[in-house]
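In: Sequence and predicted model, in that order:
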Amino acid sequence: QKEVEQDPGPLSVPEGAIVSLNCTYSNSAFQYFMWYRQYSRKGPELLMYTYSSGNKEDGRFTAQVDKSSKYISLFIRDSQPSDSATYLCAMPGSSASKIIFGSGTRLSIRP
Amino acid sequence: DAGVIQSPRHEVTEMGQEVTLRCKPISGHNSLFWYRQTMMRGLELLIYFNNNVPIDDSGMPEDRFSAKMPNASFSTLKIQPSEPRDSAVYFCASSLERVSLHFGNGTRLTVT
């Protein structure tokens, strides 16, 4: 079993829709959780991170963590074509140096 | 701030040749990571440096791969000899704290 599982998509939704992106993880020791966004032919960039269970909001983006279910989500409200990208969840792995990335979900927002 | 700078952006080489990828991290960052991204395996950590010292190289696939960080502003990843299965996008990232990795735009390597 992979430590972090993420549906690769692709996911295509119309502009203005609410998008839900999800990851599951297996290690209950993970303490903080991150979402990275990667545009085509670019490196990933940190979008949001959270240390605790519950919700964290930043503009149109909300990160949600459910530690009891080992499940994290990223919601995008009022989605825009500029949100079209691959979204990767990430969390620290078993050793201090490793940050484990999910495989990424490719998202396309149709105008 | 120019961000993490990687060169070259694209590299096409023949099997058996030596390949050297270069990275200039963000000034002041004390951690540097080399990742490889493929469709099949996603983003994989190859090696991690802290204060120019290699801390974890358990992700380096085999002895054909080597990485150096001679000073705080420069790192190289070398593959010798290269093989077609090494074809991937190689990313360098730097950070001051582990939560926020700053990635370069990668080097797309094709080995024929």
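Out: It's in.

In: Can you report how many residues neighbour residue 83?
Out: Just going to use chain A. Counted with other Cβ atoms under 10 Å in any protein chain shown, residues neighbouring residue A:83 total 18. Placement of C-beta: from N, CA and C, glycine included.

In: my bad, the chain I had in mind was chain B
Out: Neighbourhood size, residue B:83 [other Cβ under 10 Å]: 13.

In: how close does it sit to chain A?
Out: Residue B:83 sits 23 Å away from chain A, going by Cβ to the nearest Cβ, to the nearest Å.

In: Just confirm that residue contacts residue B:13, I think it does.
Out: No - applying Cβ atoms under 8 Å, one finds residue B:83 not in contact with residue B:13, separated by 10.5 Å.

In: what residues are shared contacts of the two?
Out: Shared contacts of residue B:83 and residue B:13 (Cβ atoms under 8 Å, 6 or more residues apart in numbering or on different chains): residue B:111.

In: who's in contact with the residue in chain B positioned nearest to chain A?
Out: Residue nearest to chain A within chain B: residue B:103 (3.0 Å; Cβ to the nearest Cβ). Going by Cβ under 8 Å, 6+ apart, residue B:103 touches A:43, A:44, A:45, B:4, B:35, B:91, B:92, B:93.

In: tell me which of these is nearest to residue A:69?
Out: Lowest distance from residue A:69 to those (Cβ to Cβ) belongs to residue A:44, with 25.2 Å.

In: Go through the contacts of residue B:103 and name the one nearest residue B:26.
Out: residue B:4 (5.9 Å).

In: how close does that closest one sit to residue A:59?
Out: Residue B:4 sits 25 Å away from residue A:59, going by Cβ to Cβ, to the nearest Å.

In: Who has more neighbours out of the two?
Out: A direct count of neighbours by other Cβ under 10 Å for residue B:4 and residue A:59 places residue B:4 higher, at 24 against 9.
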